[in-house]
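>>> Here is a sequence with its predicted model. Questions after.
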Amino acid sequence: MSIQVQRGEVWVQEVYYCMLQGRPRVTVFFSDQDKHDFIKAMTETKRRSQMKVYAFALLESQVHIVVSAPFRGLPQLLHTLREVYAAYFSKRNGRDGNVFLESYCERLCYTDRRLLQIIRYVHYLPVTFGHTHHPNLTRFTSHAAYLGDTRYPFVDSDEVLALISHDRAEARRQYQTLSSTAVSASELAQVFKPLVPDVPKATTTPPTLDEIASAVSQTKGVSLRVMQGKGRSAQAVAARRMLIATAVTEHHYPVTEVAEFLCVHHSYVSRLTFGKGPSA
C-alpha cells in the first residue's frame, strides 16, 4: 500500500487522513446531488493522479477522507479535488464554488492493520454526529464499498480488507462486526505516525524550537522563513500546524513562546493546535 510503480518509476505513496472544512457561513452541499458531484470529483481526481481512496464520509460542512498520495503530493491532490468540485458546484448552483477553506487537517497514517481503525472512524462519523443509528444506514460514505456494494468502484477497499483476511468473504464478515462499534480514542491514536518522526520525544532535554522547525522543514519542504511569514497557502499552514502540534502538544512549549517564535498572535497558535479545528 506504500509503493506504486508506473512506467518504470517508483512512487513512494503515503496514506493520510484528511478533513476539509467548509468556509464559515457557506453551504458546502445544497442537495444530495451536490454530494454526488463531490463523489464524481473524487473519481476524476483519482483518474488524474496517483491517488488511492480508502475511505470517505460527506457531512454537512465537512469532508473526511483517507487517501494515499505520492510523497509530498497531498497539497496538490487536495487542490485538484477542491478545484474540480468547485466547477461542478458553480455550474449546478450558479455561485462561487470555492466552498472549502484553503487549510485542512491532515495526519499521516500507518499502512498496516492499524489503518482499519481510521477507516472505521470515518465510516462511523454519521453515527457520532447523530445523523443515523448505524453505519449500514448511512449515505455518502464508503462503508458500503467494504460490504461489497459496487456503487463506489473508485474506493480501494480490497487493499484494506486484505489486512483482515485474504478470504474476501471472511474479511467482510469481520469488518462488518468491527464497524458496528465506535473507535475508541486509544485505538485512533495508534493509527497516526508521529508528526515529526525525526525529532525524538522529550527525555531530559526537549528539542529546541529551531530543531523542531528544521525537522518540519525537512518533512514538509517549507522553510522556517515561510512558516514565519504571512503566507496562507496549504503547504505553509500545514507546516505551521505540524510545528505547533509538535512544540505545544508533544513537548509542552507555552503557546505564547511558540507564537513569538512564529511571529504570530497567540490565538493563531491556539487555533492551529491539533484538536482545535482546521480554521487558520
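Thanks, I have the structure now. Numbers count the residues shown, from 1 in each chain.
>>> quick one: least confident helix or strand in the chain?
strand 3-6 (a mean of 42; mean pLDDT, DSSP states H and E).
>>> Domain ranges for the chain, per the record?
As assigned by automatic domain parsing, the chain contains the domains 3-189, 209-272.
>>> mind checking the SS state of residue 249?
helix (DSSP: H, G, I helix; E, B strand; the rest coil).
>>> Residues contacting stretch 110-124, please?
Under the criterion C-beta atoms under 8 Å, 6 or more residues apart in numbering, residues 1-2, 15, 17, 54-57, 64-66, 109, 135, 138, 141-143, 146, 160, 163-164, 175, 178-179, 182-183, 187-188, 190-193 lie in contact with stretch 110-124. All C-beta spots, glycine's among them, are computed from the backbone N, C-alpha and C.
>>> For that stretch, what is the distance to the chain centroid?
12 Å (C-alpha atoms, centre = their mean, to the nearest Å).
>>> Next, count neighbours for the spatially closest residue to residue 72 that is not a sequence neighbour.
Nearest residue to residue 72 in three dimensions, chain neighbours excluded: residue 221, at 5.7 Å (C-beta to C-beta, 6 or more residues apart in numbering). Using other C-beta atoms under 10 Å as the criterion, residue 221 is surrounded by 13 other residues.
>>> Tell me the predicted confidence for residue 221.
In this model, residue 221 is scored at 85, pLDDT.
>>> That one reaches residue 233, doesn't it?
No - contact criterion C-beta atoms under 8 Å: residue 221 and residue 233 do not qualify, at 11.9 Å.
>>> quick one: stretch 31-38 to chain centroid distance?
20 Å.
>>> my bad, stretch 223-239
Using C-alpha atoms, centre = their mean, the offset of stretch 223-239 from its chain centre is 19 Å.
>>> In it, which residues are buried?
For stretch 223-239, the neighbour count (16 or more other C-beta atoms under 10 Å) marks 224, 226-227, 234-239 as buried.
>>> Tell me where this structure is predicted with low confidence.
Within the chain, the segments meeting pLDDT under 70 span 1-12, 196-204, 273-280.
>>> how does it look with 50?
Along the chain, segments meeting pLDDT under 50 span 2-11, 201-203, 274-280.
>>> give the contact list for the most centrally placed residue in the chain.
Closest to where the C-alpha atoms of the chain average out (C-alpha atoms, centre = their mean) is residue 18, at 1.1 Å. By C-beta under 8 Å, 6+ apart, residue 18 lies in contact with 64-67, 74, 78, 104-107.
>>> same check, this time on residue 172
146-148, 161.
>>> Give me the nearest residue to residue 78, chain neighbours excluded.
residue 104 (6.2 Å).
>>> That neighbour against residue 22, yeah?
No - using C-beta under 8 Å, residue 104 makes no contact with residue 22, being 11.2 Å away.
>>> In terms of neighbours, single out the busier of those two.
residue 104 (23 against 18).
>>> May I have the phi/psi pair for the more buried one?
phi -160, psi 160 (degrees, to the nearest 10).
>>> wait, what's in contact with it?
Contacts of residue 104 (C-beta under 8 Å, 6+ apart): 18-21, 78, 234, 238, 278.
>>> And stretch 153-167, how far out from the chain middle?
19 Å.
>>> in it, what's buried?
154-157, 160-161, 163-164.
>>> Using CSV, write out every CA atom in it.
Extracted in CSV, the C-alpha atoms of stretch 153-167 (Å, rounded to 0.1, in the frame of the first residue of the first chain):
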residue,chain,number,x,y,z
PRO,A,153,-16.0,1.5,-7.6
PHE,A,154,-13.2,4.1,-7.1
VAL,A,155,-12.8,3.1,-3.4
ASP,A,156,-9.8,0.9,-2.9
SER,A,157,-11.5,-1.2,-0.2
ASP,A,158,-9.9,-4.5,-1.3
GLU,A,159,-6.4,-3.4,-0.1
VAL,A,160,-7.8,-2.6,3.3
LEU,A,161,-9.9,-5.8,3.6
ALA,A,162,-6.8,-7.8,2.8
LEU,A,163,-5.3,-6.5,6.0
ILE,A,164,-8.1,-8.5,7.8
SER,A,165,-8.0,-11.7,5.7
HIS,A,166,-7.1,-12.9,2.2
ASP,A,167,-10.5,-14.6,2.1
